[in-house]
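Peer 1: curious how this folds, go ahead:
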Amino acid sequence: MDDFRNDTVEDFIPVTGGKAWYKIIGRNKKKTPLLMLHGGPGATHDYLEPLHTLSNDRPVIFYDQLGCGNSEQPQDPSLWTLERSVEELSQIRTALKLQTIHLLGTSWGTMLAIEYILTKQPSGIASMILSGPCLSVSRWIADQRAYLRQLPAHAQSAVAVAEERGIYDSKEYQDAVMLYYKLHVCRLEPWPDCLQKTFARINSTIYTKMWGPSEFTCTGTLKDYERAHDLHKINIPTLFLAGRYDEARPVTTAYYQTMLPGSILRIIEDASHTHFLEKTNECLSAMRDFLSGFDKIGRDNP
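Peer 2: This is a model prediction of the structure:
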């Protein structure tokens, strides 16, 4: 690893199937580290760029999951599973000697965080932030169908035709997807560079295998993922965040919050799935306030 005096370091960690890239910002800060779990599956850490600011008082750790972004991109399709992703998270934490951490997951990253907690039962998780959560695929799809019914008729028709034929590369379908994204993924115009970078670098093979052709059409290996009914088993302090127009609809995110004892909910107005890009200062303030309440004293530096 780089010289300890460097406050920002980046390197690769061997994980099952290859090497995963990571970056620590604010390495020498004293508060409990925050480990970021990016969305996708198949996306990159780039769109989380505004959250670097949280490193003002704590180490913030980003990593690109295997096959994504700066990490190695092996071609073995057997690697793209929820189970391997959970094991990868465990391997990242062990390699960096992260004894006590906060976890922050966005979108698919919330699935990863919850599965890690429930299956590994790890110690040393001071708190979690679940941003735009997807903890029940059946509820997620129902929410997206509700949104689809609000789109113009031509967009609804393009989606219906593509799904009926199983062909998703038509211009009409892609236009409908982009219209949906601009309403429920990011409402800024133009999109921030960091989000455009993530979309430009997304590993569509992983996304398609694990999820499907679009956010509102799940045909991949995650299609039967349901963990809402297990949230009561978790006793980690948790903050749920969602935008008013989030793919993770506020009513569904509120349902998750009622299922996880002691958790709290914050809805960000005039924002969508990437609410931390649209309302950065508000989200950073909410995150800082929450994290500071659960910092551990006397942690080791990563």
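Peer 1: make it CA atoms for all contacts and neighbour counts henceforth
Peer 2: OK.
Peer 1: give me the pLDDT value at Phe12.
Peer 2: Here, the pLDDT recorded for Phe12 equals 98.
Peer 1: count of residues packed around the spatially closest residue to it that is not a sequence neighbour?
Peer 2: In this structure, Phe12 finds its nearest non-sequential neighbour in Trp21, 4.4 Å apart by CA to CA, 6 or more residues apart in numbering. As a burial measure, Trp21 scores 20 neighbours (other CA atoms under 10 Å).
Peer 1: checking Trp21 next. Helix, strand or coil?
Peer 2: The three-state label given to Trp21 by DSSP: H, G, I helix; E, B strand; the rest coil is strand.
Peer 1: who touches it in this structure?
Peer 2: By CA atoms under 8 Å, 6 or more residues apart in numbering, Trp21 lies in contact with Glu10, Asp11, Phe12, Ile13, Tyr63, Asp64, Gln65, Asn70, Ser71, Glu72.
Peer 1: now the buried members of the residues you listed.
Peer 2: In the contacts of Trp21, burial by neighbour count holds for Phe12, Ile13, Tyr63, Asp64, Gln65, Asn70, Ser71, Glu72, counting by 16 or more other CA atoms under 10 Å.
Peer 1: show me what the helix or strand containing the first one is in contact with.
Peer 2: Right, Phe12. Per DSSP states H and E, Phe12 falls inside strand 8-15. With contacts defined as CA under 8 Å, 6+ apart, strand 8-15 is touched by 1-2, 19-27, 66, 71, 88, 91-92, 95.
Peer 1: which strand or helix spans Ala176?
Peer 2: helix 171-184.
Peer 1: for the residue most central in space within the chain, report the pLDDT, please.
Peer 2: The structure's the chain has its C-alpha centroid closest to Thr106; by CA atoms, centre = their mean the separation is 2.4 Å. pLDDT, Thr106: 98.
Peer 1: what about Pro122, neighbour count?
Peer 2: Residues near Pro122, counting by other CA under 10 Å, number 11.
Peer 1: what do you get for Ala155?
Peer 2: Ala155 has 21 nearby residues by other CA under 10 Å.
Peer 1: how about stretch 259-271: buried residues?
Peer 2: Neighbour counts over stretch 259-271 (16+ other CA under 10 Å) mark Met259, Leu260, Pro261, Ser263, Ile264, Leu265, Arg266, Ile267, Ile268, Ala271 as buried.
Peer 1: repeat for stretch 46-61
Peer 2: Asp46, Tyr47, Leu48, Leu51, His52, Leu54, Ser55, Asp57, Arg58, Pro59, Val60, Ile61.
Peer 1: how far does it sit from the chain's center?
Peer 2: 14 Å (CA atoms, centre = their mean, to the nearest Å).
Peer 1: what do you get for stretch 16-27?
Peer 2: The answer for stretch 16-27 is 16 Å, by CA atoms, centre = their mean.
Peer 1: what residues of that stretch count as buried?
Peer 2: In stretch 16-27, counting by 16+ other CA under 10 Å, buried: Gly17, Lys19, Ala20, Trp21, Tyr22, Lys23, Ile24, Ile25, Gly26, Arg27.
Peer 1: what is the nearest of the buried residues of stretch 259-271 to Gln144?
Peer 2: Ala271 (16.2 Å; CA to CA).
Peer 1: next up, phi/psi of the closest residue to that closest one other than its chain neighbours, please.
Peer 2: Nearest non-adjacent residue to Ala271, counting by CA to CA, 6+ apart: Gly243, 4.6 Å away. With angles defined as degrees, to the nearest 10, Gly243 sits at phi -80, psi 160.
Peer 1: who touches Gly243 in this structure?
Peer 2: Contacts of Gly243 (CA under 8 Å, 6+ apart): Gly132, Arg249, Pro250, Ile267, Ile268, Glu269, Asp270, Ala271, Ser272, His273, Thr274, His275.
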